[in-house]
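Asker: fold the stuff below for me.
(one chain, ligands or ions: 1)
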Amino acid sequence: MATIHDKFIYKCITCGKEYDAGQIMYLCPQCSRHNTTSKPPEGVLKTLYNYQEISKKKTSFSDLKNSGFIDLLPIESTDSLPYLRVGKTPLYTLNKLFGESLSFRLHLKDDSQNPTFSFKDRASALVSAFARERNQDIIVAASTGNAGSSLAGICAAQNQKAVIIVPESAPMAKLTQIIMYGAQIIPVKGTYDEAFDLSIRATEEFGWYNRNTAFNPLTIEGKKSVSFELIENLGFKVPDRIFVPVGDGVIISGVYKGLEELLDLKIIDKMPVVVAVQSKGSDNLVRNINHKTFRIVPGNTLADSISVDIPRNFYMTQQYIQKYGGETITVSDNEIIEASVILSKSTGIFAEPAAAASFAGLLSFHQEGKIAGNTDNVVLLTGSGLKDLKSLNGILSIPESVTPSIDNLKKLFS
Ligand SMILES: [Zn+2]
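Answerer: Reported below is the predicted structural model:
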């Protein structure tokens, strides 16, 4: 019988070398040797399965789904996953905004409805399950907030210990979550990149399993599940565009990986156009995508979850966007806040700024007349607005209190 060791392999996206799955692996040892802190890492690994074998065994999407997509996961059993409901989030289809008809169909994938209120749970759940099967009880992550609060929550459900290293500037709500879930939190005087490096040193020193995105190849494997859901939710019709908020490029690579597998398994027959949306204040991935040399401009945006100086999954994202004709756009902080307001008031979904960025991208495309009538456009909403209230301080005005009398109400509504 086939074992987990020959179920999948890792392939380096830089040199193409393949590694068997018998060992815990992060970056390609050869290509990562010369990585520096001034550009994205080389040697990120992609997890690949034997798609031909899978198509022989499971001939339809329902066959794959009925076994929890285990054939496309790097774990032995879905029993290793947490009991919390991760993924399976709603996709809402709207034909109107503010009562006005849209000429296209707008599909909102609301991933704020994950256990810790962000998309990151898809990755944490898989990383946690893998760690469980390998008897790794301590998982460490560097995080600006969402990945850390997600890992903390998932580990609480799985009876594992999470160690979260955060830059001290991370938003309060996310820090609160990490502490409430019982994780060991280590705020550091420094940037996300410094927190990242410390977590890797901790993995080398103490043997802790490391969840860092674009370091641990399995985060993408967790994130790809969103594409399986999307395609099924849309009745196996490939949408015209999918708008994805982008920071380090791991979520968008997860979206592409899921779609690519469906393409390989002939469940879909073409790739949708995936639109990478970045904040103008932190656009290191989009700005460098067509350039040979990588140039960093330090980030300054209120969308903290996608504020990234070194997009660690830059090269894989670049490969996907170039291979499948993806598009890119940047949106300003004002556009993000405006999109967040429109989204909340016209749909009832309150998304954090990083998530609202993808909706701002769609609105911008719409204003520029780039969205044809009768097309299907998906917006991926990756986190809840309650996670970052500070960014809305500038637009909130709470009315003064009044004495509770009907006369006062009459005055207010006169
Ligand atoms: Zn390599």
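
Asker: which residue packs closest to Ser199, ignoring adjacent ones?
Answerer: Nearest non-adjacent residue to Ser199, counting by CB to CB, 6 or more residues apart in numbering: Ala142, 4.1 Å away. For the C-beta atoms, the positions are set from N, CA and C on the backbone; glycine is no exception.

Asker: any idea how far the one you found is from the ion?
Answerer: In this structure, Ala142 and the ion are 23 Å apart, going by CB to the ion, to the nearest Å.

Asker: likewise Leu392?
Answerer: Between Leu392 and the ion the computed distance is 43 Å (CB to the ion).

Asker: am I right that that residue is in a helix?
Answerer: Yes: using DSSP: H, G, I helix; E, B strand; the rest coil, the assignment for Leu392 is a helix.

Asker: my guess is it contacts Ile337. True?
Answerer: Yes: between Leu392 and Ile337 a contact is recorded at 7.3 Å, counting by CB atoms under 8 Å.

Asker: where does Ala195 land in three-state SS?
Answerer: Quick answer, by three-state DSSP: Ala195 is helix.

Asker: excluding its backbone neighbours, what's nearest it?
Answerer: Ala142 (4.0 Å).

Asker: quick one: residues contacting the one you found.
Answerer: Ala142 is in contact with Gly148, Ile164, Ile165, Val166, Tyr192, Ala195, Phe196, Asp197, Leu198, Ser199, Asn212, counting by CB atoms under 8 Å, 6 or more residues apart in numbering.

Asker: could you redo the last one with a cut-off of 10 Å?
Answerer: 148, 163-167, 186, 188, 192-200, 202, 210-213, 215 (CB atoms under 10 Å, 6 or more residues apart in numbering).

Asker: the residue nearest to Ser199 pairs with what?
Answerer: Beta bridges link Ala142 to Ile165, judged by DSSP bridges.

Asker: check the residue nearest the centre of the chain and give its pLDDT.
Answerer: Nearest to the mean C-alpha position of the chain, by CA atoms, centre = their mean, lies Ile251 at 3.5 Å. Reading off the confidence values, Ile251 has pLDDT 97.

Asker: against Ile267, how distant is it?
Answerer: Noted for Ile251: a distance of 21 Å to Ile267, by CB to CB, to the nearest Å.

Asker: how about Thr403?
Answerer: Going from Thr403 to Ile267 by CB to CB gives 63 Å.

Asker: more neighbours: those two, which one.
Answerer: When Thr403 and Ile267 are compared for neighbours, Ile267 comes out ahead with 17 against 6, by other CB atoms under 10 Å.

Asker: correct me if wrong: the more buried one contacts Leu72.
Answerer: No: the criterion here is CB atoms under 10 Å, and Ile267 misses it with Leu72 at 11.0 Å.

Asker: helix or strand for Gly222, which one?
Answerer: Per DSSP states H and E, Gly222 falls inside helix 218-223.

Asker: ok, back up a step: okay, and the common contacts of Leu392 and Ile337?
Answerer: Common contacts of Leu392 and Ile337 (CB under 10 Å, 6+ apart): Leu302, Pro353.

Asker: now for the helix or strand of the chain with the lowest mean pLDDT, which elements pack on it?
Answerer: Sorting the helices and strands of the chain by mean pLDDT, DSSP states H and E puts helix 172-180 at the bottom, at a mean of 89. Contact here means 3 or more CB pairs under 10 Å, 6 or more residues apart in numbering; DSSP states H and E; on that basis helix 172-180 packs against helix 146-158, strand 161-167, strand 184-188.

Asker: helix/strand/coil for Gln278?
Answerer: strand.

Asker: which helices and strands does the helix holding Gly222 pack with?
Answerer: The contact analysis (3+ CB pairs under 10 Å, 6+ apart) places helix 218-223 against strand 45-49, helix 121-133, helix 250-264.

Asker: can you tell me which of these is nearest to the ion?
Answerer: strand 45-49 (8.2 Å; CB to the ion).

Asker: given that closest one, what are its sheet partners and their directions?
Answerer: Paired neighbours of strand 45-49 in the sheet (DSSP bridges): strand 8-12 (antiparallel).

Asker: so after the strand it pairs with, what's the next helix or strand?
Answerer: Once strand 8-12 ends, the next helix or strand along the chain (criterion: DSSP H and E) is strand 18-20.

Asker: so where do the strands sit in this structure?
Answerer: 8-12, 18-20, 45-49, 91-97, 100-110, 138-142, 161-167, 184-188, 209-210, 241-245, 273-279, 327-331, 376-381 (DSSP state E).
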